[in-house]
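1. sequence? don't have it. structure:
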């Protein structure tokens with residue numbers, strides 16, 4: 001690596017010296033949040049957050065943010081006059097410097113921050129606040145039934161001084177509903193353990209510490225209220241005074257433009273993000289023709305070669321990287337659920353570094369694959385346990401975890417359990433090969449065949465993937481005499497002929513994997529399995545909805561070959577060009593975005609071609625025109 005002048009290491013010239021200094025300070029610091037707060041804002045001249053308004057990049061330093069913590073604390077004390085150290089204050093904010101400042105301001109006031117999961121429904125949030133003695137919510141705009149302090153009010157000038165000890169815990173919500181939600185409490189001892197573990201990660205991987213043009217910047221993609229986002233994004237990197245980059249929204253174009261404009265170096269996300277990015281990239285490559293796609297696949301294979309693979313990666317895929325995130329990215333992590341090996345292989349082959357990690361709200365982040373060897377990176381390994389973490393696999397193949405930085409208390413089902421220092425049953429199935437750990441799926445997701453054999457849905461679903469399906473979900477039959485059922489999510493407008501081809505291909509895959517006698521019927525479902533703001537599918541809910549008749553079944557009758565007039569056929573041809581699909585795959589009622597997966601850029605190009613071809617201005621329509629049918633009707637009315 002050529003010499004690079006770093007702009008944010010204080011008096012030190014190398015990263016190694018800087019890290020050693022920070023950990024000497026950590027060793028000396030007392031185990032309380034007041035001392036940890038001082039460490040987290042130690043490098044006051046460094047940039048904490050960057051954000052863009054479209055024209056300018058605005059920056060806020062750790063020093064400026066530290067002063068704002070005091071101002072927010074004053075406004076909290078003014079709003080909440082009488083409370084004790086068991087009082088919680090909830091944070092309902094997006095990732096931002098304000099979120100970080102609010103977190104520390106609550107602790108400074110002597111209270112417990114409750115990190116509200118903004119993806120959950122109101123009933124879950126109310127339940128979480130009730131069981132944690134929450135007296136105030138700091139919100140970006142939503143008004144709650146308990147006193148609410150809006151984001152727009154927390155920076156008001158206030159003379160009320162804040163004195164007294166810091167709070168002793170912060171509270172993290174697990175995903176779920178109000179029936180099974182958990183609240184996990186972390187104290188200063190656990191927070192210190194989180195920071196101690198970061199040293200081992202850096203020591204094990206040079207890429208983790210890699211800067212670009214002298215700076216290391218993380219995309220603030222994962223929510224800070226999630227354990228993955230709080231530990232692996234915020235805590236591990238704010239401790240070293242690194243910079244976070246704010247996202248204005250989560251659209252693919254905004255993410256790509258933000259990464260390139262701010263020269264982001266680290267992106268940590270859930271598997272769904274990497275899957276969608278991968279699918280968009282493959283779609284773009286396929287749109288350039290069969291010859292280009294075959295050449296790309298050959299390049300992916302050559303990139304695995306230990307001798308000249310790195311050369312292939314660097315030069316052959318430069319254009320692909322430019323189309324995605326550019327060349328500033330040095331490290332990426334996936335975590336939160338299962339990720340397919342083909343996705344890991346894609347990112348690592350084209351010149352990025354995507355590794356798999358593991359953790360839970362109850363135990364924190366406990367491992368990440370830190371090797372640079374493609375054999376391990378692409379295998380789906382979550383690596384070895386971090387410093388202070390013990391992994392045990394019991395006789396049933398279930399992973400037990402103990403961590404110096406795991407939750408000290410868990411609020412669940414009306415009870416508060418102390419769990420610090422105890423092994424935690426994750427209910428995740430795991431195996432270990434060459435000292436590397438692999439998460440195989442959830443114990444309670446196992447499907448039982450008629451022979452009594454346990455079938456692992458994650459493994460089976462990955463082995464049965466074929467073209468033109470969105471997702472698979474293996475579920476138990478309705479009773480013990482019925483074979484397991486394979487639910488298959490496909491586009492509801494796929495032609496009947498292609499749907500039959502999907503069924504034939506699946507049956508061939510089932511036979512190839514010796515599962516013919518183990519699986520029952522295959523059910524085509526005309527809706528996605530990951531719903532709303534969820535980032536992974538819930539097999540139990542899908543099974544329940546299927547047997548209740550709530551899931552939308554694919555209709556062969558609706559998708560028989562359409563008889564098109566000249567206008568409809570002409571529009572289908574333009575849709576096919578814009579989407580990179582065959583004309584026969586375009587259904588007249590399919591939505592360009594929701595059903596066909598088109599982008600806004602694809603749509604603008606399509607509109608331009610339609611305007612030129614038919615002499616109409618689609619922009620004059622009062623309603624969205626996203627399907628062939630709607631556009632054809634508009635043209636007939638305005639020709």
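-> Thanks, I have it. All values derive from a computational prediction rather than experimental measurement. Numbering: from 1, shown residues only.

2. CA only for contacts and neighbour counts going forward, please
-> Will do.

3. Could I get the contacting residues of residue 85?
-> When contacts are counted by Cα atoms under 8 Å, 6 or more residues apart in numbering, residue 85 touches 110-112, 167-168.

4. Top of those by number of neighbours, please.
-> Neighbour counts for the contacts of residue 85, by other Cα atoms under 10 Å, peak at residue 112, which reaches 30 neighbours.

5. Just to check, that residue is in contact with residue 166?
-> No - Residue 112 is not in contact with residue 166 according to Cα atoms under 8 Å; the separation is 9.2 Å.

6. Can you show me the helices along the stretch 401-550 of the chain?
-> 457-463, 496-512, 539-547 (DSSP state H, counting those that start in this stretch).

7. quick one: residue 195 from residue 543, how far?
-> 41 Å (Cα to Cα, to the nearest Å).

8. Nearest residue to residue 635 in space, ignoring adjacent ones along the chain?
-> Leaving aside its chain neighbours, residue 635 sits nearest to residue 616 (6.8 Å; criterion: Cα to Cα, 6 or more residues apart in numbering).

9. wait, that neighbour sits on residue 637?
-> No - the criterion here is Cα under 8 Å, and residue 616 misses it with residue 637 at 10.2 Å.

10. Have a look at the two and say which one is more surrounded.
-> residue 616 (17 against 8).

11. any idea how far that one lies from residue 624?
-> Note on residue 616: its distance to residue 624, by Cα to Cα, is 15 Å.

12. ditto for residue 482
-> 45 Å.

13. which one of the two has more residues nearby?
-> Set residue 482 next to residue 624 and count neighbours by other Cα under 10 Å: residue 482 wins out with 14 against 10.

14. so which helix or strand takes in residue 135?
-> Assigned by DSSP states H and E, residue 135 belongs to strand 134-139.

15. what packs against that strand?
-> strand 88-92, strand 148-150 (3 or more Cα pairs under 8 Å, 6 or more residues apart in numbering; DSSP states H and E).

16. Out of those, the one nearest residue 510 is which?
-> With Cα to Cα as the criterion, residue 510 lies closest to strand 88-92 of the helices and strands packed on strand 134-139, at 46.1 Å.

17. Over to residue 408: give its phi and psi.
-> The phi and psi values for residue 408, taken as degrees, to the nearest 10, are phi -90, psi -20.

18. Correction: the previous question concerned residue 610.
-> phi -70, psi -40.

19. if I look at residue 280, how far off is residue 486?
-> Going from residue 280 to residue 486 by Cα to Cα gives 26 Å.

20. hang on, I meant residue 12
-> Distance from residue 12 to residue 486, by Cα to Cα: 58 Å.

21. quick one: which of these two has more around it?
-> residue 486 (22 against 13).

22. contacting residues around that one?
-> Neighbouring residues of residue 486 by Cα under 8 Å, 6+ apart: 472-475, 519-523.

23. Just put those in TSV and tack on neighbour count.
-> Output for those, formatted as TSV (neighbours: other Cα atoms under 10 Å):
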residue	neighbour count
472	25
473	20
474	24
475	24
519	21
520	16
521	12
522	15
523	17
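
24. Could you tell me the angle between the strand holding residue 135 and strand 88-92?
-> Put simply, strand 134-139 runs at 20 degrees to strand 88-92, going by axes from the mean of the first three to the mean of the last three Cα atoms, to 10 degrees.

25. Mind listing what's buried along strand 134-139?
-> The neighbour-count check on strand 134-139 (16 or more other Cα atoms under 10 Å) flags 134-139 as buried.

26. same check, this time on stretch 559-575
-> 559, 567-575.

27. how distant is that stretch from the center of its chain?
-> Here the centre of stretch 559-575 is set off from its chain's centre by 38 Å, with Cα atoms, centre = their mean, to the nearest Å.

28. and residue 296, that's in a helix?
-> Yes - assessed by DSSP: H, G, I helix; E, B strand; the rest coil, residue 296 belongs to a helix.

29. measure it to residue 350 for me?
-> From residue 296 to residue 350 the distance is 10 Å (Cα to Cα).

30. Look at those two and report which has more neighbours.
-> Neighbour comparison, residue 296 and residue 350: the larger count goes to residue 350, with 23 against 19 (by other Cα under 10 Å).

31. who's in contact with the more buried one?
-> Neighbouring residues of residue 350 by Cα under 8 Å, 6+ apart: 300, 303, 313-314, 317-318, 320-321.

32. Would you mind giving the secondary structure of residue 282?
-> Going by three-state DSSP: residue 282 is helix.

33. Just give the number of residues close to it.
-> 15.

34. Could you tell me what pLDDT the model assigned to it?
-> Here, the pLDDT recorded for residue 282 equals 92.

35. and what of the one 5 residues further on?
-> At residue 287, the pLDDT value in this model is 83.

36. Just checking: what are the partner strands of the top strand by length along the chain?
-> Counting residues, the longest strand found in the chain (DSSP state E) is strand 424-433. Strand pairing for strand 424-433, determined by DSSP bridges: strand 398-403 (antiparallel), strand 436-442 (antiparallel).

37. Format those strands as TSV; extra columns: mean pLDDT and mean neighbour count.
-> Output for the strands paired with strand 424-433, formatted as TSV (pLDDT from 0 to 100; neighbours: other Cα atoms under 10 Å):
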stretch	mean pLDDT	mean neighbour count
strand 398-403	97	22
strand 436-442	95	19
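
38. among the contacts of residue 350, who's most crowded?
-> residue 303 (26 neighbours).

39. So what pairs up with the residue lying closest to residue 384 once chain neighbours are set aside in the strands?
-> Excluding its sequence neighbours, the residue lying closest to residue 384 (Cα to Cα, 6+ apart) is residue 436, at 5.4 Å. With DSSP bridges applied, residue 436 shows beta-bridge pairing to residue 433.

40. Touching, residue 436 and residue 382? I think so.
-> Yes - using Cα under 8 Å, residue 436 is in contact with residue 382, at 7.0 Å.

41. which residues does the residue nearest to residue 384 contact?
-> Here residue 436 is in contact with 381-384 (Cα under 8 Å, 6+ apart).

42. Between the residues you listed, which sits nearest residue 493?
-> residue 381 (36.9 Å).

43. If you drop the residues flanking it in sequence, what lies closest to that closest one?
-> residue 438 (4.9 Å).

44. again with residue 193
-> residue 405 (4.9 Å).

45. What about the one you found, how many residues nearby?
-> Residues within reach of residue 405, counting by other Cα under 10 Å, total 28.

46. shouldn't it be in contact with residue 361?
-> No - Residue 405 lies out of contact with residue 361 (Cα under 8 Å); the separation is 11.1 Å.
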